[in-house]
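Trainee: Just the structure for this:
(chains A, B, C and D)
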Protein chains: 2
Amino acid sequence: MEPGSTRISQLRRGVLEHCVLALLSEEPLYGFDLVRRLGDVDGLVTSEGTIYPLLSRLRRDGWVTTTWQESESGPPRRYYALTTEGRRVLRAFAEEWVRFRDSVDLLLLKGTT
Amino acid sequence: MEPGSTRISQLRRGVLEHCVLALLSEEPLYGFDLVRRLGDVDGLVTSEGTIYPLLSRLRRDGWVTTTWQESESGPPRRYYALTTEGRRVLRAFAEEWVRFRDSVDLLLLKGTT
DNA sequence: ACTCGGTACCTTGCGCCACATGGAACCGGG
DNA sequence: CCCGGTTCCATGTGGCGCAAGGTACCGAGT
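Mentor: Model prediction:
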């Protein structure tokens, strides 16, 4: 399938990023683990080709810091942890999301019930 | 501001399209009117530069049909009406949206309450 | 030793779509 | 006779999710 063409993948735009922040708000995690965890969530299944560029952006924007840690089961892991700015962004998005979600719900589920 | 760069505009991706379908599911509407109606909805404010290419895609995909109608207040209006296929797509997306929304809610609003 | 699957990191190129910008034409009122 | 409101459209840009492909480490099996 052509990249970025499915309807559901359009949906994830701008949301996935903040779902990662939400996961990191509980504990530092590494990329490969994030892919696995998101893989368990309906509608948020993703791949390494999405996660790593995304994590780079988070780093670039100063929303996360990273630390390398040895692994017993493979190459070293890069753990990502939220910065104060990252937490602020997450909180702000959570509010924005609620407003957006309610608007879409209102339009979309009016006649459907 | 650079086009498509704001965080909120990423959110609208793939959603706006189906919100338009939802609006059309009640009655045929024309482009300029759609911009006005979406302008009243928090988080879905958009512009003609977004709506008209979007409507072209809906037409291309056979989800809508159009009819021209004279206007007393300006140039003729192009009214868009849902096809059977369009209604099917809308119903399918509504289900997909609920699943997606619930997943995001779960991740995003876990610690925020 | 050698391969093989699992783990773990990364880059590159593509396609989609929201948006800014700008253009055209119609109308009514000052 | 111009100007704001209405109504349609096309073009170019930027961001991001994704497929594809590459590198390297580990343990287990042959």
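Trainee: Could you list the single helix or strand in chain A with the lowest mean pLDDT?
Mentor: helix A:7-11 (a mean of 89; mean pLDDT, DSSP states H and E).
Trainee: Okay, buried residues for that helix please.
Mentor: Neighbour-count burial for helix A:7-11 flags A:9-11 (criterion: 16 or more other C-beta atoms under 10 Å in any protein chain shown). In short, each C-beta sits where N, CA and C put it, glycine included.
Trainee: can you list contacts of it?
Mentor: Contacting residues not belonging to helix A:7-11 are listed as A:4, A:43, B:13-15, B:93, B:96-97, B:100 [C-beta atoms under 8 Å, 6 or more residues apart in numbering or on different chains].
Trainee: what distance separates stretch A:45-53 from the centre of its chain?
Mentor: On the basis of C-alpha atoms, centre = their mean, to the nearest Å, stretch A:45-53 sits 9 Å off its chain's mean C-alpha point.
Trainee: quick check: mean pLDDT across that stretch?
Mentor: For stretch A:45-53, mean pLDDT is 97.
Trainee: buried residues in it?
Mentor: Taking 16+ other C-beta under 10 Å as the criterion, stretch A:45-53 shows A:46, A:50-51 as buried.
Trainee: How far away from the center of its chain is the longest helix seen in chain A?
Mentor: Ranked by residue count and defined by DSSP state H, the top helix of chain A is helix A:84-108. Relative to its parent chain, helix A:84-108 has a centroid offset of 14 Å by C-alpha atoms, centre = their mean.
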